[in-house]
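[1] Prediction below, plus the sequence it came from.
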Amino acid sequence: MAVTIKDVSAKCGLSISTVSKAFNNYSDISAATRELVQRTAREIGYYPNAIARTLKTNRSYNLGVLYSDDGQNGLTHSFFAQVLDAFKTECEKHGYDITFINHNVGWTGMTYLEHCRYRNVDGVCMVCADFYSTEVAELATSDIPCVTIDHAFNNRSCVMSENLQGVQQLVRFAYEKGHRKIAFVHGQRSSVTENRITGYYRALNELGIEPRTDYLVDALYDSPSAGHQAMMQLMRLADPPTCVLMSDDHSALGAMEAANEMRLRVPEDVSIAGYDGIRLGQMLRPRLTTVKQDTKRMGMQAARYLIDRIENPRTAVSEVGSIPVKLMPGESIGPVKV
């Protein structure tokens, strides 16, 4: 015979109403009572019925994640996979499951908003999406609670890494090594890219370096082949840069390969930096100079913002969480060759 909530109530010596509130995280239930109920439920093998809980609370305890990237890397994307893992872990602590939002469900095509309604998600985290598309904007302006990562919509909470400051740190570090010909390979259109380009220009201006349009190159994010192509383009200039800042660590791998093909030593002949701080970059020789983003804190903060909006709709406000970055000096930026 299946174990019921009545069995948990009897075992704990509490009313069915109190046990139900403990399972649903009501604020008027103490932590000690909640722990007692949960421990007892585990001991006797009781699990709350998801359908019954949905009918009672009018919530599915299911959160949507809208995730796509131009490089079609999916969950193999080193940086965003870590952000999503932290988001998922924090959501699960609060009793929520995760559903990925897409266009295709079986035989039919749906918009992102339609898929969210089809899955009856309580809220959505939007990460690494085309935030300028009308379909994403439709979801962001709907009545479904949303949080975004690295892009700000009006009246929506978001988590922003300090991208502007990160690029400034890289430019200053290269300058301290004697570099004045500093190129920047940036990703494609996004608020992240815009902030990083601004950081690049601000740092050059602060250091008294005249920017050059041929030192600013557009390339696909997280693509070693795009990084390779951008590096070749820069080093074939009549007056090539002595230091190249890449959009991300994977692109920096492609840039290093291109340098090797041109028989250029890193950092003796040309210096290269990445961005993100993935583990692989720190295993290279020379060890990659990069900016580390706090993926764990980004994912956790996004989950907390979204759950607060869902569970406290009358008191939650739209917030912007700014997550600090950290320069990792490495060995791939060296003194400028005299």
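    Structure's in. What do you need?
[2] When you work out contacts or count neighbours from here on, use the C-alpha atoms and nothing else.
    Noted.
[3] This structure: strands as residue ranges?
    62-67, 97-101, 104-105, 108-109, 123-127, 146-149, 157-161, 182-186, 216-218, 243-245, 271-273, 290-293, 320-323, 325-328 (DSSP state E).
[4] Any idea how many residues pack against residue 238?
    Using other CA atoms under 10 Å, residue 238 is surrounded by 7 other residues.
[5] Numbering from 35 from now on, please.
    New numbering, starting at 35: the last item is residue 272.
[6] Please name the nearest non-neighbouring residue to residue 203.
    Leaving aside its sequence neighbours, residue 203 sits nearest to residue 361 (CA to CA, 6 or more residues apart in numbering; 6.7 Å).
[7] quick revisit: lowest average pLDDT across the strands of the chain?
    Of all the strands of the chain, mean pLDDT reaches its minimum on strand 138-139 (a mean of 60).
[8] Let me know the pLDDT of residue 79.
    The confidence metric pLDDT takes the value 81 at residue 79.
[9] Check the one 10 residues further on too.
    You'll see residue 89 listed with a pLDDT of 47.
[10] again with residue 104
    Residue 104 is assigned a predicted lDDT (pLDDT) of 56.
[11] Next: residue 223.
    Predicted confidence (pLDDT) for residue 223: 79.
[12] separation between it and residue 230?
    Distance from residue 223 to residue 230, counting by CA to CA, to the nearest Å: 11 Å.
[13] For those two, indicate the residue with more neighbours.
    Counting neighbours by other CA under 10 Å for residue 223 and for residue 230 shows that residue 230 has the greater number, 23 against 14.
[14] got the contact list for that one?
    197-201, 220 (CA atoms under 8 Å, 6 or more residues apart in numbering).
[15] So what's the residue count around the residue nearest to residue 119 when sequence neighbours are not counted?
    Once flanking residues are discounted, residue 119 sits nearest to residue 333: 7.3 Å by CA to CA, 6+ apart. By other CA under 10 Å, 26 other residues sit near residue 333.
[16] likewise residue 170?
    Neighbours around residue 170, by other CA under 10 Å: 17.
[17] do the same with residue 231
    21.
[18] what do you get for the one 10 residues further on?
    Residue 241 has 13 neighbours, counted by other CA under 10 Å.
[19] likewise residue 65?
    Residues lying near residue 65 (other CA under 10 Å) number 12.
[20] any idea how far residue 59 is from it?
    In terms of CA to CA, residue 65 sits 9 Å off from residue 59.
[21] you'd agree the residue nearest to residue 119 is up against residue 120?
    Yes. The pair residue 333 and residue 120 qualifies as a contact (CA atoms under 8 Å) at a distance of 4.7 Å.
[22] could I get the strands of the chain as CSV with distance to residue 70 and mean neighbour count?
    Converted to CSV, the strands of the chain look like this (distance: least, CA to CA, whole Å; neighbours: other CA atoms under 10 Å):
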stretch, distance to residue 70, mean neighbour count
strand 96-101, 25, 22
strand 131-135, 23, 17
strand 138-139, 40, 12
strand 142-143, 45, 10
strand 157-161, 29, 25
strand 180-183, 33, 27
strand 191-195, 34, 24
strand 216-220, 53, 25
strand 250-252, 57, 18
strand 277-279, 54, 29
strand 305-307, 52, 30
strand 324-327, 39, 26
strand 354-357, 35, 18
strand 359-362, 40, 19
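[23] could I get those strands as a markdown table with distance to residue 75?
    A markdown table is the format used below for the strands of the chain (distance: least, CA to CA, whole Å):
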| stretch | distance to residue 75 |
| --- | --- |
| strand 96-101 | 22 |
| strand 131-135 | 20 |
| strand 138-139 | 35 |
| strand 142-143 | 40 |
| strand 157-161 | 28 |
| strand 180-183 | 32 |
| strand 191-195 | 35 |
| strand 216-220 | 52 |
| strand 250-252 | 56 |
| strand 277-279 | 54 |
| strand 305-307 | 52 |
| strand 324-327 | 39 |
| strand 354-357 | 37 |
| strand 359-362 | 42 |
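[24] Residue 113 is nearest to which of those?
    strand 324-327 (8.6 Å; CA to CA).
[25] Could I get the CA-only coordinates of stretch 339-346 as CSV?
    Extracted in CSV, the C-alpha atoms of stretch 339-346 (Å, rounded to 0.1, in the frame of the first residue of the first chain):
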residue,chain,number,x,y,z
TYR,A,339,16.2,36.2,-8.3
LEU,A,340,13.8,34.0,-10.2
ILE,A,341,12.5,32.0,-7.3
ASP,A,342,12.0,35.1,-5.2
ARG,A,343,9.9,36.6,-8.1
ILE,A,344,7.8,33.4,-8.2
GLU,A,345,7.3,32.9,-4.5
ASN,A,346,7.0,36.6,-3.4
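[26] tell me which residues in that stretch are buried?
    Buried positions in stretch 339-346, judged by neighbour count with 16 or more other CA atoms under 10 Å: 339-341, 343-344.
[27] Equivalent analysis for stretch 303-313, please.
    Residues 303-312 are the ones in stretch 303-313 that count as buried (16+ other CA under 10 Å).
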